[in-house]
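Asks: got a predicted structure plus its sequence, pasted below:
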Amino acid sequence: MKLTARSVSRVALAATVVAATTGGVAFLVTAPASGAASTLAAAAQQSGRYFGTAVAAGRLGDSTYVNILNREFDMVTAENEMKMDATEPNQNQFSYGSGDRILNQARNQGKRVRGHALAWHAQQPGWMQRMEGSSLRQAMLNHVTQVATYYRGKIYAWDVVNEAFADGSSGARRDSNLQRSGNDWIEAAFRAARAADPGAKLCYNDYNTDDWTHAKTQGVYRMVQDFKSRGVPIDCVGLQSHFNSQSPVPSNYQTTLQNFANLGVDVQITELDIEGSGSAQADNFRRVTEACLAVARCTGITVWGIRDTDSWRAYGTPLLFDGSGNKKAAYNSTLNALNAASPTDTTTTTTTTTTTTTTTSQDPGPGGCTATASLNTWNGGFVASIRVTAGSSALNGWSVSLTLPSGTTVTNQWSANRSGNSGPVTFTNVDYNGSVAPGRSVEFGFQATGSATGLSPTCAAR
Ligand code: G3I
């Protein structure tokens with residue numbers, strides 16, 4: 001079914017409940033969830049998006065920090081612990097302890113992880129800083145391969161290359177030892193990452209790429225356009241979005257997000273922080289959130305830290321919680337914006353439409369489970385987030401089956417194993433999300449080309 005903005009809008013307002021029967025299992029098909037969720041993650045999930053934060057391993061012993069982390073966010077980025085200097089401090093000696101602490105904490109809580117960052121001119125270990133040319137190229141590719149292989153299957157998206165473009169008016173690549181190893185270093189890194197972890201989305205990530213008119217934005221855009229036209233494996237563009245009075249939220253921010261998305265990639269806001277306070281700061285967070293919600297392929301927002309005091313620029317109080325862990329006005333405006341997003345979050349173009357449909361099976365009783373699907377669709381594809389909920393007894397494993405309409409093909413999935421990619425498809429739990437306490441939920445997802453019409457997942461205990 002192709003929905004226009006207007007028809008989706010009517011669906012959203014109607015809030016009808018329709019009972020249907022599919023394969024002997026009764027389903028309730030409800031209108032898009034538009035109620036007021038009370039956490040950032042839950043509010044973002046209503047439109048099939050995530051809301052994440054950067055996490056520092058050194059703060060995982062701080063209970064205030066961890067409580068907010070566990071409650072509010074469903075995506076985690078290691079602030080420093082998966083960078084090149086952290087993961088390969090000596091050449092060919094890899095160190096994953098701190099990265100693993102963050103990854104395991106997140107996954108134990110059912111959260112996904114963005115990997116940051118495989119290749120970057122900054123935070124290189126000393127041995128790499130001293131390298132040039134083909135030996136550097138080889139070392140960089142080895143790093144990408146080793147780290148992405150180690151984390152294979154556990155990372156939702158990798159920032160494969162970070163900050164490779166110059167500031168200013170050139171729109172050109174930044175000079176660095178990596179750039180001097182040859183202009184093709186970025187695509188070489190992406191190809192190595194794809195080979196090492198075919199299931200991870202591969203992103204290019206940068207700052208000062210928020211204003212559509214800026215030369216740097218245009219330079220990154222041309223690179224992504226070129227990569228897509230030549231089949232270089234790139235799935236997403238990350239806009240770091242560090243804002244302050246010198247670098248305010250641009251009025252054309254949504255245009256930038258949309259134009260990147262129109263190249264056929266997801267866009268993600270990857271390191272959001274906005275210096276300021278009170279209603280002005282709250283207004284800026286609202287604007288950024290609304291811009292993402294208005295672009296179907298803007299799949300999530302990550303803030304760069306939890307409390308103001310956790311920030312790399314704490315003096316600018318740029319985050320959503322104050323130093324004591326209290327919610328700021330900016331938190332409320334962000335949550336309200338997420339909650340106000342109807343699944344009609346259509347883009348300004350006529351080619352893309354987002355809708356969320358929730359399909360819920362009835363209470364399965366002891367030993368059973370239910371599956372609900374939340375969709376983020378656009379012309380030609382969609383992302384489905386599937387929530388698996390245990391019945392009145394615990395699950396030790398689950399499987400979710402659904403039948404895709406003809407012409408629809410799964411391209412990748414996360415937090416689940418999969419058999420089949422068209423027609424009947426079955427997803428089963430992975431090692432860390434098979435155990436589900438009575439009444440509790442875990443989530444997995446998949447992306448597909450084609451249409452999501454009539455998606456009716458059924459859940460069974462294994
Ligand atoms: O942990 C050491 C500590 O032992 C030592 O005493 C202290 C002395 O300087 O340094 C500590 O390490 C610091 C580390 O943050 C952890 O706090 C490093 O010096 C410091 O350089 C590092 O800064 C990080 C910065 O990236 C480095 O480039 C910030 O935490 C981190 O938030 C920041 O994140 C970047 C993104 O990766 C890319 N985009 C921009 C963003 C903000 O700069």
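Replies: Alright, I've got the coordinates. Numbering: from 1, shown residues only.

Asks: and for residue 48, the neighbour number?
Replies: 26 (other Cβ atoms under 10 Å). Heads up, the C-betas are built off the backbone N, CA and C, glycines and all.

Asks: that one contacts residue 383, correct?
Replies: Yes: between residue 48 and residue 383 there is a contact at 5.7 Å, judged by Cβ atoms under 8 Å.

Asks: contact partners for the residue in the stretch 251-400 of the chain that the ligand sits nearest to?
Replies: Nearest residue of the stretch 251-400 of the chain to the ligand, counting by Cβ to the nearest ligand atom: residue 312, 3.5 Å away. Counting by Cβ atoms under 8 Å, 6 or more residues apart in numbering, residue 312 touches 79, 304-305.

Asks: next, the buried residues of the host helix or strand of residue 260.
Replies: Following DSSP states H and E, the helix or strand that holds residue 260 is helix 253-261. Using 16 or more other Cβ atoms under 10 Å as the test for burial, helix 253-261 gives 253-261.

Asks: and those residues, which is closest to residue 324?
Replies: Nearest to residue 324 out of the buried residues of helix 253-261 is residue 253 (Cβ to Cβ; 30.6 Å).

Asks: check the gap between residue 414 and residue 112 for me.
Replies: Separation of residue 414 from residue 112 (Cβ to Cβ, to the nearest Å): 6 Å.

Asks: overlap of the contact sets of the two?
Replies: With contacts taken as Cβ under 8 Å, 6+ apart, residue 414 and residue 112 have residue 156 as neighbours in common.

Asks: sorry, back to before: ok, which pair from the buried residues of helix 253-261 is furthest apart?
Replies: Farthest-apart pair in the buried residues of helix 253-261 is 253 and 261; separation 12.8 Å (Cβ to Cβ).

Asks: give me the buried entries from the contacts of residue 312.
Replies: Buried among those by 16+ other Cβ under 10 Å: 79, 304-305.

Asks: now, which of those residues lie within helices?
Replies: Among the buried ones among the contacts of residue 312, none falls in helices (DSSP state H).

Asks: keep only these that also lie close to the ligand.
Replies: The overlap between the buried ones among the contacts of residue 312 and the neighbours of the ligand (Cβ under 6 Å from any ligand atom) comes to residue 79.

Asks: so can I have JSON lines of the buried ones among the contacts of residue 312 showing distance to residue 366?
Replies: JSON lines is the format used below for those (distance: Cβ to Cβ, whole Å):
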{"residue": "79", "distance to residue 366": "43"}
{"residue": "304", "distance to residue 366": "44"}
{"residue": "305", "distance to residue 366": "43"}
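
Asks: want to try a markdown table for the buried ones among the contacts of residue 312, with distance to residue 179 and pLDDT as columns?
Replies: What follows is the buried ones among the contacts of residue 312, written out as a markdown table (distance: Cβ to Cβ, whole Å; pLDDT from 0 to 100):
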| residue | distance to residue 179 | pLDDT |
| --- | --- | --- |
| 79 | 25 | 98 |
| 304 | 25 | 98 |
| 305 | 29 | 98 |
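
Asks: now, the buried ones among the contacts of residue 312 that are in strands?
Replies: Among these, none falls in strands (DSSP state E).

Asks: who touches residue 117 in this structure?
Replies: 82-84, 158-162, 205.
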